[in-house]
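# after the sequence you'll find the predicted model.
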Amino acid sequence: MHIHIPSSQSHRVVSLLQALGGQFPEVARELIEIAHKARDGITIEILPYAHKRSRQQENYYRKWCRAFGEYCGTTPDETHEEILCIAYGSEVRETRFGRKIRPVQRSSEANRIEYSLLIDTLVRVAAEMGFDIPPPQRQMDD
């Protein structure tokens, strides 16, 4: 949702930024800077909070995806595409290069839970193909 408050309603902008500054004092200075730059007004975007994947999750996945790819004789990108398709599903698209199989979801769109599914899929598929990946440590709450 987007809320647009034009500069003609500056009293609303000031009131809102003061309220936000009171609730979140750690960003009060930044709010003042925004108010000074907001010649035409402000736009507020409100979205549901989504836990992004952690850096530890990503590092673990990339390390073992690369190692598994070497075992399979594929590049890290090829291995990643295969695991994405297995974890999130795939679709076939006709392109000028011919038929292409693409994952339904990219890992960049994944939250922590969805990224955990990607990691679990990598570990499972690797085990099924005779490549052992140590289980991740569950301290990935970064």
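Arrived safely.
# which parts of the protein are helices?
Per DSSP state H, the chain carries helices over the ranges 10-23, 28-37, 55-72, 76-88, 112-128.
# nearest spatial neighbour of residue 41, chain-adjacent residues omitted?
Excluding the flanking residues, the one nearest residue 41 by CB to CB, 6 or more residues apart in numbering is residue 6, at 4.1 Å. No exception for glycine: its C-beta is placed from N, CA and C like everyone else's.
# same question, residue 125
Leaving aside its chain neighbours, residue 125 sits nearest to residue 86 (6.1 Å; criterion: CB to CB, 6+ apart).
# can you check residue 58 too?
Nearest to residue 58 is residue 115, by CB to CB, 6+ apart, at 7.5 Å.
# distance of that neighbour from residue 39?
Per CB to CB, to the nearest Å, residue 115 is found 40 Å from residue 39.
# the residue nearest to residue 125: neighbour count?
Residue 86 is flanked by 15 other residues according to other CB atoms under 10 Å.
# and for residue 118?
Residue 118: 24 neighbours (other CB under 10 Å).
# any idea how far it is from residue 18?
Separation of residue 118 from residue 18 (CB to CB): 43 Å.
# could you do residue 132 as well?
Taking CB to CB, one finds residue 132 at 58 Å from residue 18.
# neighbour count: those two, which is higher?
Set side by side, residue 132 and residue 18 show more neighbours around residue 18, with 14 against 10, by other CB under 10 Å.
# measure the more buried one to residue 8 for me?
In this view, residue 18 and residue 8 are 18 Å apart by CB to CB.
# next one: residue 73
Using CB to CB, residue 73 is found at 64 Å from residue 8.
# where does the chain dip in pLDDT?
Within the chain, the ranges that satisfy pLDDT under 70 run 50-51, 138-142.
# tell me the phi and psi of residue 105?
Dihedral pair for residue 105: phi -130, psi 140, per degrees, to the nearest 10.
# my guess is it meets residue 114, correct?
Yes. Using CB atoms under 8 Å, residue 105 makes contact with residue 114 at a distance of 7.4 Å.
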